[in-house]
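Engineer: Here is a sequence with its predicted model. Questions after.
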Amino acid sequence: MHCCVEVAIPRHIEKAIDYGINILWIGARTTVNPFSVQEIAEALKGYDIAVMVKNPVNPDLGLWLGALERINQLE
């Protein structure tokens, strides 16, 4: 069975990978903070793990796409 967990800071990624989590997601509140998304993207560098990005609480296509681009640029 695959397991998914929300990550908000780089330390969450380390712990999730240590515990064998299969899928990570970036929550809606984290998605609106480009600095947090950048830190998470940098922490994901070198890992081959699926990442889902939730749309911000107040839907904003630009923020959502920006988060996706940050994650994809560092893979």
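Structural biologist: Looks like it came in fine. Residues are numbered from 1 along each chain as shown.
Engineer: Next, work out how far apart residue 73 and residue 1 are.
Structural biologist: Relative to residue 1, residue 73 is positioned 31 Å away (criterion: CB to CB, to the nearest Å). Every residue, glycine included, has its C-beta placed from N, CA and C.
Engineer: what does the worst-scoring helix or strand of the chain on mean pLDDT contact?
Structural biologist: Lowest on mean pLDDT, DSSP states H and E among the helices and strands of the chain sits helix 61-73, with a mean of 88. Among residues not part of helix 61-73, those counted as contacts by CB atoms under 8 Å, 6 or more residues apart in numbering are 26, 31-32, 34, 37-38, 40-41, 44, 51, 53, 55-56.
Engineer: For ChimeraX, what selects the buried ones among the residues you listed?
Structural biologist: Selecting only the buried entries of these in ChimeraX, with 16 or more other CB atoms under 10 Å as the criterion:
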select :26,31,32,37,38,40,41,44,51,53,56
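Engineer: Sort out which of the contacts of helix 61-73 are in helices and list them.
Structural biologist: With DSSP state H as the criterion, helices contain 31, 34, 37-38, 40-41, 44 from among the contacts of helix 61-73.
Engineer: Return the member of those nearest to residue 12.
Structural biologist: residue 40 (8.3 Å; CB to CB).
Engineer: Helix 34-44 and the least confident helix or strand of the chain, what's the angle between them?
Structural biologist: If you take axes from the mean of the first three to the mean of the last three CA atoms, to 10 degrees, helix 61-73 sits at 20 degrees to helix 34-44.
Engineer: tell me how far helix 61-73 is from the chain's mean position?
Structural biologist: In terms of CA atoms, centre = their mean, to the nearest Å, the gap separating the centre of helix 61-73 from the centre of its chain is 10 Å.
Engineer: ok, now stretch 28-43?
Structural biologist: Relative to its parent chain, stretch 28-43 has a centroid offset of 7 Å by CA atoms, centre = their mean.
Engineer: Repeat that for stretch 26-41.
Structural biologist: 7 Å.
Engineer: what's it in contact with?
Structural biologist: 6-10, 13, 51-58, 60, 63-64, 66-67, 70-71, 73-74.
Engineer: Show me what counts as buried in the least confident helix or strand of the chain.
Structural biologist: 63-64, 66-68, 70-71.
Engineer: Thanks a lot, see you next time.
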